[in-house]
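Novice: Curious how this folds, go ahead:
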Amino acid sequence: MTEQEFLNLRNGTDVRGTALAGVENDPVTLTDEAVLAIAKAFFVWAKNKTGLERPTLAVGHDSRLSAEHLCRLVTEGYTSCGGDVIETGLSSTPSMFMLLQDDFGADVSVMITASHLPWQKNGLKFFAKDGGLEGSDVADILRIAAKGDFPSGTGRVTKKRYLDKYAADLVEKVRRAVGSDKPLAGKRILVDAGNGAGGFYVDLVLKPLGADTTGSQFLDPDGRFPNHIPNPENETAMQSVCAAVVKSHADFGIIFDTDVDRAGAVAPDGEEINRNRLIALISAILLEEKKGVIVTYSVTSAGLAAFIRAHGGVHRRFKRGYKNVINEAKRLNAEGQYSPLAIETSGHAALKENYFLDDGAYLVTRLLIALAKRAREGKDLMSLIADLPEPAEAAEVRLSFTPGCDFKTLGAGVIADFTKYAEETPGLSLAPDNCEGVRVNFAKDAGDGWALLRMSLHEPILPVNAESNEQGGSKRILRTLADFLSKYPFLNLDTLKKQL
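Specialist: Residues are numbered from 1 along each chain as shown. Here you go, the predicted structure:
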């Protein structure tokens, strides 16, 4: 494989590709050759990072069909360089970082996962003791893999599960915080794991805390994902867990993505606690404890910003990408500005108190602590966000570019043109906290809301988000955008026109 072919496998801070054949026009790219070379390259990188002659690797995986095969390849490649490997079996992504903070015996780790992507996909996510690797680190590993200059040796392989210890730590955290051995007794709390790796949360966390988990669904790992995509952002998945909460008369519902680094929740009435509502709920809990800066990515509502201010916090919008918001929160703390939370509307939530690790299980555990405490006081958890201003309408469309065009340059030009248009057009004004693309406020007679145009991080896509405080307002905003964007022949506006 060429260096560019290896680099093509980088997706942000992960390696991702097609691991299984069977889908038309989607050839296998995460080949055995590639995975072996990447595992060997990670040994070289880890040796330089840790200063150890033989750093020990822990490797785990989610429920994907190709997971165990890729795990064997990682073990084979790493041990062939002389490194020892601990195989942890079915794991969550957060647990693969947390074991590095524990007395587990590993110096670095790899999680085999492709999050919520389709069944044929898979990937590798890398951790050192100071956190997940940056995109530049992953690029370095891929360049090492392409060179093919690896040491030779014979490492040892052991099998040792960590997920039980990870779950036990969550249980103990809840018990300490609430002051009770069974703080969830009398509460019905169900989990939808989507046949990913999150089913452990029922038996290892909820039941020891006394919860009734009747109605929990799709807990068994199955990489075909036969019921729905394990993704809190997926409409079908959310409809499924919301219906289960209503049917079971549950007090709270939880949904995880495949590898449990993201989560969503459901209120007793079956309403989603997702996106802006989820951010508001965890923000209210944290700001009640100590005021600070809540870092979100750019696609968050005006109502959420007002909510955070009303609860004594400061809202900092930043660039899309969970590593971007995490790094911004870390930067703020380093400069002396307390920032307890970095979070995306996708359910990626990283708390300062938890190593700024995006951890869906930790997030919902924090929500359950608040639920238990408020129940003892006769209060409802959802009352924490009763004052969240919610938009009347919201919409998102993704505009594609003509194949083969220089979409990055053309997209930047569209954004620059729309910025100038907003500055010159009555009823439109630039938002004061633009951090990526351009966010424009629309006056009451122009749609009463806002729109955000930005470039996708990894794809030839121009996402457009719009939100309005009045019925029909989003369409007015999108119509303005459609009129403006119609002059660009390289943009496909079909998805936008369907909204109108």
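Novice: Point out where the chain drops to low pLDDT.
Specialist: 458 (pLDDT under 70).
Novice: hmm, 80 instead?
Specialist: 320, 433-435, 457-458 (pLDDT under 80).
Novice: what's the domain layout of it?
Specialist: Here the domain parsing of the chain from automatic domain parsing is 3-160, 166-385, 393-499.
Novice: End to end on the first one, go ahead and measure it.
Specialist: The reference is to domain 3-160. 35 Å (C-alpha to C-alpha, to the nearest Å).
Novice: try the longest one
Specialist: For domain 166-385, the first-to-last residue distance is 30 Å (C-alpha to C-alpha).
Novice: bridging residues for the residue most central in space within the chain?
Specialist: When C-alpha atoms, centre = their mean is applied to the chain, the residue found nearest the centroid is His348 (3.4 Å). Under the criterion DSSP bridges, His348 forms beta bridges with Arg262.
Novice: Quick check, Arg277 in contact with Ala386.
Specialist: No: counting by C-beta atoms under 8 Å, Arg277 sits too far from Ala386 to count as a contact (11.2 Å). In this view, the C-beta of every residue, glycine as well, is placed from N, C-alpha and C.
Novice: how much space between the closest residue to Asp261 other than its chain neighbours and Asp140?
Specialist: Distance criterion C-beta to C-beta, 6 or more residues apart in numbering; nearest residue to Asp261, sequence neighbours excluded, is Thr93 at 4.4 Å. Note on Thr93: its distance to Asp140, by C-beta to C-beta, to the nearest Å, is 21 Å.
Novice: Check Phe200 too.
Specialist: Following C-beta to C-beta, the distance that separates Phe200 from Asp140 is 33 Å.
Novice: When the two are compared, which one has more neighbours?
Specialist: Between Phe200 and Asp140, counted using other C-beta atoms under 10 Å, Phe200 has the larger neighbour count: 23 against 16.
Novice: which residues does that one contact?
Specialist: Counting by C-beta atoms under 8 Å, 6 or more residues apart in numbering, Phe200 makes contact with Ser92, Leu163, Ala167.
Novice: picking up where we left off before, which one of Arg277 and Ala386 is surrounded by more residues?
Specialist: More crowded of Arg277 and Ala386, by other C-beta under 10 Å: Arg277, with 21 against 8.
Novice: host element of the more buried one?
Specialist: helix 276-289 (DSSP states H and E).
Novice: what does Val110 give?
Specialist: Short version: Val110 belongs to strand 108-112, going by DSSP H and E.
Novice: contacting residues around stretch 165-177?
Specialist: 92, 94-95, 98-99, 102, 181, 183-184, 200-201, 204-205, 208-209, 361-362, 365, 368-369, 372-373.
Novice: Can you spell out which helices and strands pack onto the strand holding Val110?
Specialist: helix 32-50, strand 57-61, helix 67-79, helix 93-101, strand 121-128 (3 or more C-beta pairs under 8 Å, 6 or more residues apart in numbering; DSSP states H and E).
Novice: That one to strand 121-128, inter-axis angle?
Specialist: Strand 108-112 and strand 121-128 meet at an angle of 160 degrees, taking axes from the mean of the first three to the mean of the last three C-alpha atoms, to 10 degrees as the criterion.
Novice: So in that sheet, which strands flank strand 108-112, and in what orientation?
Specialist: strand 57-61 (parallel), strand 121-128 (antiparallel).
Novice: Single out the most deeply packed of these.
Specialist: strand 57-61 (a mean of 28; mean count of other C-beta atoms under 10 Å).
Novice: got a list of contacts for that strand?
Specialist: 42-43, 46, 67-68, 70-71, 74-75, 78, 83-91, 95-96, 99-100, 104-113, 162.
Novice: got it, and stretch 425-433?
Specialist: Residues contacting stretch 425-433 (C-beta under 8 Å, 6+ apart): 316-317, 419, 421-423, 438-443, 445-446, 450, 480.
Novice: Give me the buried stretch members for stretch 152-165, please.
Specialist: Residues of stretch 152-165 classed as buried: Gly155, Tyr162, Leu163, Lys165 (neighbour count, 16 or more other C-beta atoms under 10 Å).
Novice: in the stretch 351-500 of the chain, which spans are strands?
Specialist: With DSSP state E, counting those that start in this stretch as the criterion, the stretch 351-500 of the chain has strands at 357-358, 393-401, 428-430, 438-442, 449-453, 461-468, 491-492.
Novice: Could you list the paired strands of the third one along with their orientation?
Specialist: In the sheet containing strand 428-430, its partner strands are strand 438-442 (antiparallel), by DSSP bridges.
Novice: Same check on the fifth one?
Specialist: Sheet partners assigned to strand 449-453 using DSSP bridges are listed as strand 438-442 (antiparallel), strand 461-468 (antiparallel).
Novice: right, and those - which one's nearest Tyr322?
Specialist: Closest to Tyr322 of the strands paired with strand 449-453, according to C-beta to C-beta: strand 461-468, at 16.2 Å.
Novice: The nearest residue to Thr419 once chain neighbours are set aside: what's it in contact with?
Specialist: Counting by C-beta to C-beta, 6+ apart, Val438 is the residue found nearest to Thr419 once chain neighbours are left out, at 4.6 Å. Applying C-beta under 8 Å, 6+ apart to Val438 gives the contacts Ile415, Phe418, Thr419, Ala422, Leu430, Leu452, Leu453, Arg454.
Novice: and of these, the nearest to Thr214?
Specialist: Leu452 (41.3 Å).
Novice: and the closest one, how many residues sit next to it?
Specialist: 22.
Novice: so it makes contact with Tyr297?
Specialist: No: if you go by C-beta under 8 Å, Leu452 and Tyr297 don't touch, sitting 10.4 Å apart.
Novice: so what's Gly123 up against?
Specialist: Gly123 touches Asn11, Asp14, Val15, Arg16, Gly17, Leu30, Ile112, Thr113, Ala114, Leu117, counting by C-beta under 8 Å, 6+ apart.
Novice: same thing but 6 Å
Specialist: Listed by C-beta atoms under 6 Å, 6 or more residues apart in numbering, the contact partners of Gly123 are Asp14, Val15, Arg16, Ala114.
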